[in-house]
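> Sharing a model prediction with you, sequence too.
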Amino acid sequence: MYKIQTNATGSREMYITDEHLKTIRDRSLFKDLVGSTGIVNEDVLDKLKLMVRSLMEAEPDSHDLINFSHEVLYNDNMKAHGLNQLLKLYKNWLQTEDEIEENIEQEPE
């Protein structure tokens, strides 16, 4: 479980699980989410919410999306700053996952 800050002052936080991060990866939720400026604002958060809502309408029984929406995306603490922190966490998590996979592949039998 990971903790991210959801506002600039640090008075609000949110916990992110590996399952949340796997949902982001498996559903490609962050693909093409942030524009060329790299700025994460409320419009980017709204874009993500609309995308997830569309996926949920197409697959109403998708428990991974339901959990992600309820616990992360529509959490009262989730704002643009929190999404920015989640993007950074996800990037670091992906790098760690890749390193683990590389180490497993390199282990002699």
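Ah, there it is. These figures come from a predicted structure and were not determined experimentally.
> how about low-confidence regions in this structure?
Within the chain, the stretches with pLDDT under 70 are 100-109.
> separation between Glu59 and Leu73?
Per Cβ to Cβ, to the nearest Å, Glu59 is found 16 Å from Leu73. C-betas here are computed from N, CA, C, even on glycine.
> Looking at those two, which one has more neighbours?
Between Glu59 and Leu73, Leu73 has the larger neighbour count (other Cβ atoms under 10 Å), namely 20 against 13.
> For that one, list the residues it contacts.
Applying Cβ atoms under 8 Å, 6 or more residues apart in numbering to Leu73 gives the contacts 48-49, 52.
> just curious, which of those is nearest to Gln85?
Gln85 has its nearest neighbour among these in Leu48, at 13.8 Å by Cβ to Cβ.
> ok, and the closest non-adjacent residue to the closest one?
Leaving aside its sequence neighbours, Leu48 sits nearest to Leu33 (Cβ to Cβ, 6 or more residues apart in numbering; 6.0 Å).
> wait, doesn't the one you found sit right on Asp46?
No. Look at Leu33 against Asp46 with Cβ atoms under 8 Å: they stay out of range, at 11.0 Å.
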